[in-house]
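J.: Have a look at this prediction, sequence included:
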Amino acid sequence: MHPQRPIKPQVAKRAWISAAIPVLLPCFFLTAGSSVSIAAPSAPVSAEALYQQSLVSTQSVSYKGREFITQWNDDGRQIAYVTDVAHRAPDLFRIEYRAPRTMVGRVIIRSGAQEWTYIPEGKVVLHTAPPSAVRSKPTPGKLPLLKSNYNVSVSPLPERIADRKTFLVSVRPKDAAHDLLRLWIDPYTGLVLRREKFRPDGTLSVVSYFSEMDVHPTFSASAFSPDKLKGSGVRQMERRDPTSRLVPHANVAGALFGLAQAPPQIGKFKLQSAIMMGQEQGGTLHLRYSDGLNTLSLFESRRTSKGPTHVSGSTPVPINRNMVGRYVQRYSYGVLSWDDGRLNLTIVGDANEQMLTEFADQLCPLIRN
Amino acid sequence: MNGGCGKIREEVLSAYVDGMADGATLRAIAAHLLDCDACKALVADFRHQQGLLRQLKAEPLSAPPEFWANAYRVARLSKSRGSQSARPRFGFSWSVPQFAGIALAAVVGAVIGSQVQFGRVDITSVPVSRQAGPSLDVSTLVRAHADYASQQPLADNAHLTMVLSDASAQGSPSDGLLAADAPTLGSVMNASATSD
Amino acid sequence: MSVDPTDDSALFESLVARHQDRLYRVAYRMAGSHDEAQDLLQDALVEAYQAFHHFRRGTYFDKWIYKIMSHTFIDGTRVKKRLRFESLDDPVAGDETGSAREIPDSESDPSVRMMREELAEPVQDALNALPPEFRLILILADVEEMSYEEISEMIGCPIGTVRSRLHRARAQMRACLIKSKYRDFN
């Protein structure tokens, strides 16, 4: 394990990034006005500094470690995983499952927008790729938006996670109906080494942490090669994501032959960008929202089915007095689908059933007759 | 399979449990069971199993209170949208004389037109489709959302990579997103199972 | 045969209401869980309501709607059959993390709980392990006590097929119960 040392950005060519680290870190202030230098190990750091550090880390810090994830679903199920994670900045990942027993041996290699998944029980490697490499650039920081919706504070005393120093950043929603997030951030690398998410009622919904962390390790040349997943008797399968293209802001309202609903804001979530998935004729408009921390997606397509979008395991949910939607939890996301007679709509995001139903109720009056 | 002595087919013994055989056969089987422990044990097992299954009927099972009202509402909504298909999904219950009369016309008509003209569709040949349109399945939408989330500040990219991979694998193979000559994940899985 | 559409929904609902307990019970036995049973029943009701104008008044409504539900069930399992590996979203019960598919049972009546734990769950587990066509026929024959003729009409196959399929279903169920060391089977 490497001793802690100031980071060296590995891939950024832009001058401002290589200059930013030593400049940015001491320059941000808490609203209370205190300013600190991150170089002093025992001095307190600001939440903004840690936030900015974490923005850089994903693009520039390579690491490998062992991560534990436990999730508690709304229905009371508890699911736990252990994975070995390797990341070569900026966008290569290799993940191997170590638990649960039924998923041991599954390996994922992700390179940008495509990934290869080896599923041992089927002896198959599934390659998922976009048909064209359309991928929007990483989002710049949204600190003002974050602070408008959350109170951010940092604990003055460091804690050790995976044998590295971290500071606890608490992100508390100003609206009590949202989740609370606690992040333990390594001030030298910006890596989040532990995170805890709490529901509005105070119950824990997700905990993830690294028990081991090796920063800037040496990777072999083939560590992230999908060829290593292939072997005797292993079948290859391809799956393509739908074609997608960014929709300029001015064109969003006219998408889907003028039927699109494109509210600039849904609850606390503000519209950030729009993507058209598939061809215009039968395409799906993906509106992407953020509240500075969490994300929400609204998918719309012209309605050609006979009823609300059916999702296995979903429950019918009344919305807007006389309509019925279907709600289900997928991974840690809430998913609510319905149709308004002209469009199939689906919201996916970091929100529970009640919040999604309220969002759907807000959207319904926007229907154009 | 591997229960009785083999002198009487197991299928016959199974039907015997239901009384589904002619009188002579039933008497012959009854006589055989007096002397054959293997067949007697198999019949006893089938009867016992039948008894267990019958007891399941006694378990109180009911839908949640709001289920039926919601279900009727969804059914009404679905119908009010109107079916896009010109064919009715389920046919009439034909009685034999009606069928005989229509069959002749059907032989002629079938050469010219589809079964739609006679309003009768073989129920087993019509796949039940929940969505007629090109809408993407939920796994694809979840994947698109996770991809967006992975580009956000403070994203847990390792966990999101797991979600992306899983959502891709869970996506329906029938949504047209597989390469044209690619086998479906299910067919690969089934083939793997038989070859092991 | 067309009926005033405004009469349809009330009549349909009253006919379903007469059989709703049994409908749910059969859907549960077919699907194996409450969530899936509600999905199955919801889909079957949508199909049945859309086809209601084809239902001949005076014939047995329950047989008609069971037929629709049976086909909905079989067709549904054909789609699900394609994907049968562990998901991050829903790992099977019994792994070392202790995760489980179903919500913990909060039934308070001890005799009902005992019946469920001692009988219903092991037998339902054995049913769930059967291929859908076998599961369906066992439910119709041995749980719902339908005759071979009724089953033949419902599934749409000759009585000879009902007989042979029922035998194979019973044999496979017997093997499952022996394997699970369920009491009284050795």
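T.: Arrived safely.
J.: For C:D8, which non-adjacent residue is closest in space?
T.: Spatially, and ignoring its direct neighbours in sequence, C:D8 is nearest to C:F52 (5.9 Å; Cβ to Cβ, 6 or more residues apart in numbering or on different chains). Quick note: C-beta positions are derived from backbone N, CA and C, even for glycine.
J.: Could you tell me which residues of the stretch 101-250 of chain A lie near chain C?
T.: By the rule Cβ under 8 Å from any Cβ of the partner chain, the part of the stretch 101-250 of chain A lying against chain C is A:R101, A:T102, A:M103, A:R106, A:I119, A:E121, A:G122.
J.: how many other residues sit next to the residue nearest to C:D8?
T.: 21 (other Cβ atoms under 10 Å in any protein chain shown).
J.: what's the answer for C:E149, then?
T.: 10.
J.: for C:L45, same thing?
T.: Neighbours around C:L45, by other Cβ under 10 Å: 25.
J.: which other helices and strands contact the host helix or strand of it?
T.: Element membership for C:L45 (DSSP states H and E) is helix C:34-50. The helices and strands touching helix C:34-50, judged by 3 or more Cβ pairs under 8 Å, 6 or more residues apart in numbering or on different chains; DSSP states H and E, are helix B:67-81, helix C:5-31, helix C:61-80.
J.: Check the offset of that helix from the chain's centre.
T.: 11 Å (Cα atoms, centre = their mean, to the nearest Å).
J.: quick one, domains of chain B?
T.: Domain assignment of chain B by automatic domain parsing yields the ranges B:10-56, B:86-128, B:131-176.
J.: where among the ones you listed is the average confidence lowest?
T.: Per-stretch mean pLDDT for the domains of chain B is lowest at domain B:86-128 (a mean of 37).
J.: which ones are touching the closest residue to A:D339 other than its chain neighbours?
T.: Counting by Cβ to Cβ, 6+ apart, A:R303 is the residue found nearest to A:D339 once chain neighbours are left out, at 4.8 Å. By Cβ atoms under 8 Å, 6 or more residues apart in numbering or on different chains, the residues touching A:R303 are A:D339, A:D340, A:G341, A:R342, A:L343, A:N344, B:G133.
J.: and which of those residues is nearest to B:Q170?
T.: Ranked by distance to B:Q170 (Cβ to Cβ), these are led by A:N344 at 19.5 Å.
J.: The closest one belongs to a helix?
T.: No: under DSSP: H, G, I helix; E, B strand; the rest coil, A:N344 falls outside any helix and is assigned strand.
J.: before we move on, back to that, can you add mean neighbour count and give the helices and strands packed on helix C:34-50 back as a markdown table?
T.: What follows is those, written out as a markdown table (neighbours: other Cβ atoms under 10 Å in any protein chain shown):
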| stretch | mean neighbour count |
| --- | --- |
| helix B:67-81 | 19 |
| helix C:5-31 | 17 |
| helix C:61-80 | 20 |
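J.: So which residues of the stretch 251-369 of chain A form helices?
T.: Taking DSSP state H, counting those that start in this stretch as the criterion, the stretch 251-369 of chain A contains helices spanning A:353-363.
J.: still on that earlier bit, out of the residues of the stretch 101-250 of chain A next to chain C, who's near chain B?
T.: Answer for these near chain B (Cβ under 8 Å from any Cβ): A:I119, A:E121, A:G122.
J.: From the residues of the stretch 101-250 of chain A next to chain C, which land in strands?
T.: A:I119 (DSSP state E).
J.: most surrounded residue in the residues of the stretch 101-250 of chain A next to chain C?
T.: A:I119 leads those on contacts (other Cβ under 10 Å) with 26 neighbours.
J.: Can you check which helix is longest in chain B?
T.: helix B:37-56 (DSSP state H).
J.: That helix and chain C in contact?
T.: Yes: using Cβ under 8 Å from any Cβ, helix B:37-56 reaches chain C at B:D45, B:F46, B:H48, B:Q49, B:Q50, B:L52, B:L53, B:R54, B:Q55, B:L56.
J.: The residue most central in space within chain C and chain A, how far apart?
T.: The centre of chain C sits closest to C:M30, judged by Cα atoms, centre = their mean, with a distance of 1.9 Å. According to Cβ to the nearest Cβ, to the nearest Å, C:M30 and chain A sit 15 Å apart.
J.: OK, contacts around that residue?
T.: By Cβ under 8 Å, 6+ apart, the contact set of C:M30 is C:A37, C:L40, C:M69, C:S70, C:F73, C:P132, C:R135, C:L136, C:I139.
J.: Mind picking out the helix or strand in chain C with the poorest mean pLDDT?
T.: Lowest on mean pLDDT, DSSP states H and E among the helices and strands of chain C sits helix C:110-115, with a mean of 66.
J.: got JSON lines for the ones next to chain B among the residues of the stretch 101-250 of chain A next to chain C, with distance to A:R326 and pLDDT too?
T.: Below are those laid out as JSON lines (distance: Cβ to Cβ, whole Å; pLDDT from 0 to 100):
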{"residue": "A:I119", "distance to A:R326": "28", "pLDDT": "87"}
{"residue": "A:E121", "distance to A:R326": "30", "pLDDT": "77"}
{"residue": "A:G122", "distance to A:R326": "29", "pLDDT": "76"}
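J.: Closest to A:I266 out of those?
T.: Distances from A:I266 to those, taken by Cβ to Cβ, are shortest for A:I119, at 36.0 Å.
J.: what sits against that closest one?
T.: A:R106, A:V125, A:L126, B:A169, C:F85.
J.: Beta-bridge partners for it, please?
T.: Beta-bridge partners recorded for A:I119 (DSSP bridges): A:V124.
J.: Show me the contact partners of the host helix or strand of B:S168.
T.: B:S168 is part of helix B:157-170 when elements are defined by DSSP H and E. By Cβ under 8 Å, 6+ apart, the residues outside helix B:157-170 that reach it are A:58, A:67, A:69, A:81, A:83, A:85, A:87, A:93, A:95, A:108, A:110, A:115, A:117, A:119, A:126, A:128, A:208, A:239, A:330-331, B:139-140, B:142-143, B:146-147, B:149-150, B:185, C:83, C:85, C:87-89.
J.: quick one: which of those residues sit in strands?
T.: A:67, A:69, A:81, A:83, A:85, A:87, A:93, A:95, A:108, A:110, A:115, A:117, A:119, A:126, A:128, A:208, A:239, A:330.
J.: Hmm, the first one is touching A:M213, no?
T.: No: with contacts counted by Cβ atoms under 8 Å, A:E67 stays clear of A:M213, the gap being 9.2 Å.
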